[in-house]
Every structure is written in C-alpha cells, then in structure tokens.
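Visitor: Curious how this folds, go ahead:
(one chain, ligands or ions: 1)
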Amino acid sequence: MELQAQEGRLIAAAGLGRVLVATAVPVERDAVAAGLGALHPGPDDTVLGAAGRAHPPPSSRLRSSRGRPHRPSGTTAHGRTEVIAVGVGPALAAASTASALTAAALRGEPYRLVVSAGIGGGFQPGAPVGSLVVADGIVAADLGAETEDGFVPVTELGFGTVRHQPPADLVRRAADAAGARTGAVLTVSTVTGTAARAAALRERHPTALAEAMEGFGVAEAAAAQGVPVLEIRAISNPVGPRDRAAWRIPEALAALTEGFGKLTPVLESWNRHDS
Ligand SMILES: O=C(O)c1cccc(C(=O)CC[C@H]2O[C@@H](n3cnc4c(=O)[nH]cnc43)[C@H](O)[C@@H]2O)c1
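Guide: The predicted structure is shown next:
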C-alpha cells in the first residue's frame, strides 16, 4: 500500500495525475462526461459504479469488501479525468468531494486538480444565459451573520475563510480554451429569488458573474488536501426575481458539454508547477 501511495505521489508530482470533476447532480455529470467522451472515445469511457447516485458513499465505505479503496458509485472515467455527482449544496458537496479525494489517495492514485462544474445563475448583463463562466474566485456569499448594519462575513467574526483562489494561469487558459468569461462565482445555500438580494450580492461582490450552490464546498475539501481547485458554470438562468419557467437547463447543459470538450486538454496538461 505504501509503495502504491509513493507511486501516486510521484505521478502527481510529474503532473500526470488525474483530474476530478465534481457536479451537483447526475444530469450535469452526464453533460460533462459527454464532452469528455467526445475527446476520449473508446474503452476508457467507463462507468465505474452504479450510475445515477447523487453522491458517493459515506467515508465509512471508502474500502470495498475486498479491502481495497473504491471509487464512488456513478463515477465516470475518460482518459485521466473522472466525473462524479456530489449532491446539491455546499455541505454535501464538501463531504462527498472529501470522500472521493481520500479514497483516491488511499488507492495511491491522488487527484492533482479538482473542478467544481455545473449550471448556475448569471448576474446580468455580464453572464447571459447559455454563456460559460470560469471562476477567478470561489466565494462563500452567505456564510456569516445578519446584523442591523447588514451582512457580516464569517472572516470578520474571526473564523475560517470565505474565498478560495483558483490558480490564475489555469483560469486564463481554461477560459481561453472554452470561450468563457472570468469572474467571481458565489456559492449560496439559498438560490437568489429577488431583485433586492441580487443587488445586495452585486454590491458586496462587484466582480461576481455567477452564483451556484457547491463551489465553495468542493474548494474547502480540495484545500484541506492541498489540491488546486477550479470552478466552471454554464449559465441556466439570470440571478434575480424567481422565474423557474425561464431556466434554460438544456441549453446550459449543452454549453457545459461543449465547454468540457474544449477545455479538458488544458485541465489534463496543466501542471501546478508551470505557474
Ligand atoms: O427551483 C428551485 O427552487 C430550486 C431550488 C434549489 C435548487 C434548484 C436547482 O435546480 C439547483 C440545481 C443546481 O443548479 C445550480 N444553480 C442553477 N441556477 C442557480 C442559481 O440561480 N442560484 C444558485 N444555484 C443555481 C446549483 O448549483 C444547484 O446545484 C432549484
């Protein structure tokens, strides 16, 4: 086992390790996998567990009955990239991503990059429906306290962090490859449903282009294991007054597929020591 782990560390150090893409739900996972499949057709395009699970098994089941660490159900593998659905919301996304990273490290096949991906709301006019956004900052936008004077982030209360920074060179290369815009992507536990909240978020985060519900959780799990993180969102709806009928989910999923077809060579060839 130690030899396997050592080999894994050497592979990761050489920039040859694997990439983990974490989506919230199976339809997003499948949209990403379709983009990867176009790139890596053939026998590598494997479903490694029972498809359709919204999240990996709990960490108590990181090992299979034969004692070997296993991949989460529903993981799909294409070349050196694997895609899993980690569940909706930052807490489940963090827990599921942490389990997947730990299981991979125990197998001696650590991931060297984690990507949070899926659909998201776009702040207008910067991120129109159907466009792609690559996060240059992954920000926990509602982690803090409401006070008489407004929202106070948890960092100002003396705790934790509210922002993760993807590697700048990777952000630029990924955005160039996919034709994406770059800006902050906010992670929220409550989908914005009013113009007032959209305006408040914009005021607190002037560079924000998108909001979604998992990026910060995925980033916390990656940071805990020293793995770089990226977030990519395909815009399905404007951030603002709630109008579920106006969500263009199929268009956003198609943009996700097309985007991953173009940017995966960048993800797979990027080496953190290049920057
Ligand atoms: O319609 C609803 O009330 C509703 C409430 C919670 C979640 C949903 C989803 O369909 C979320 C799926 C997934 O999509 C991301 N997403 C998409 N648009 C937004 C948005 O405007 N704000 C935040 N998240 C968004 C999110 O990452 C979810 O995982 C529907």
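
Visitor: Please count neighbours and contacts with C-alpha atoms only from this point.
Guide: Fine.

Visitor: Which residues of the stretch 151-275 of the chain lie near the ligand?
Guide: Contacts of the stretch 151-275 of the chain with the ligand, taken as C-alpha under 6 Å from any ligand atom, map to 191-192, 211-214, 236-237, 239, 244.

Visitor: Check those residues and tell me the two furthest apart.
Guide: The largest separation in those, counting by C-alpha to C-alpha, is between Glu214 and Arg244 at 19.4 Å.

Visitor: which of the residues of the stretch 151-275 of the chain next to the ligand are buried?
Guide: Burial by neighbour count, judged by 16 or more other C-alpha atoms under 10 Å, picks out 191-192, 211-214, 236-237, 239 from these.

Visitor: residue boundaries of the strands in the stretch 151-275 of the chain?
Guide: For the stretch 151-275 of the chain, the strands defined by DSSP state E, counting those that start in this stretch occupy 163-164, 181-187, 208-212, 229-238.

Visitor: neighbouring contacts of the first one?
Guide: If you take C-alpha atoms under 8 Å, 6 or more residues apart in numbering as the criterion, strand 163-164 is touched by 137-140, 216, 219-220.

Visitor: swap the cut-off to 10 Å and go again
Guide: With contact meaning C-alpha atoms under 10 Å, 6 or more residues apart in numbering, strand 163-164 is reached by 135-141, 155, 184-187, 215-216, 219-220, 222-223, 228-230.

Visitor: Output the below-cut-off pLDDT ranges for the chain.
Guide: Along the chain, the model assigns pLDDT under 70 to residues 1-16, 38-74, 274-275.

Visitor: In the chain, spot the helix with the most residues.
Guide: helix 249-269 (DSSP state H).

Visitor: Output that helix in PDB, but only the C-alpha positions, please.
Guide: This file holds the C-alpha atoms of helix 249-269, laid out as PDB (Å, rounded to 0.1, in the frame of the first residue of the first chain):
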ATOM      1  CA  ILE A 249     -31.400  24.000 -18.300                       C
ATOM      2  CA  PRO A 250     -31.000  22.000 -21.600                       C
ATOM      3  CA  GLU A 251     -29.100  25.000 -23.200                       C
ATOM      4  CA  ALA A 252     -26.900  25.300 -20.200                       C
ATOM      5  CA  LEU A 253     -26.100  21.500 -20.200                       C
ATOM      6  CA  ALA A 254     -25.300  21.700 -23.900                       C
ATOM      7  CA  ALA A 255     -22.900  24.600 -23.200                       C
ATOM      8  CA  LEU A 256     -21.300  22.500 -20.400                       C
ATOM      9  CA  THR A 257     -20.700  19.600 -22.800                       C
ATOM     10  CA  GLU A 258     -19.200  21.800 -25.500                       C
ATOM     11  CA  GLY A 259     -17.100  23.700 -23.000                       C
ATOM     12  CA  PHE A 260     -15.600  20.500 -21.500                       C
ATOM     13  CA  GLY A 261     -14.900  19.200 -25.000                       C
ATOM     14  CA  LYS A 262     -12.700  22.200 -25.500                       C
ATOM     15  CA  LEU A 263     -11.000  22.800 -22.100                       C
ATOM     16  CA  THR A 264     -10.200  19.200 -20.900                       C
ATOM     17  CA  PRO A 265      -6.800  19.100 -22.700                       C
ATOM     18  CA  VAL A 266      -6.000  22.200 -20.700                       C
ATOM     19  CA  LEU A 267      -7.100  20.600 -17.400                       C
ATOM     20  CA  GLU A 268      -5.200  17.400 -18.200                       C
ATOM     21  CA  SER A 269      -2.000  19.100 -19.300                       C
END
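
Visitor: Alright, calling it a day.
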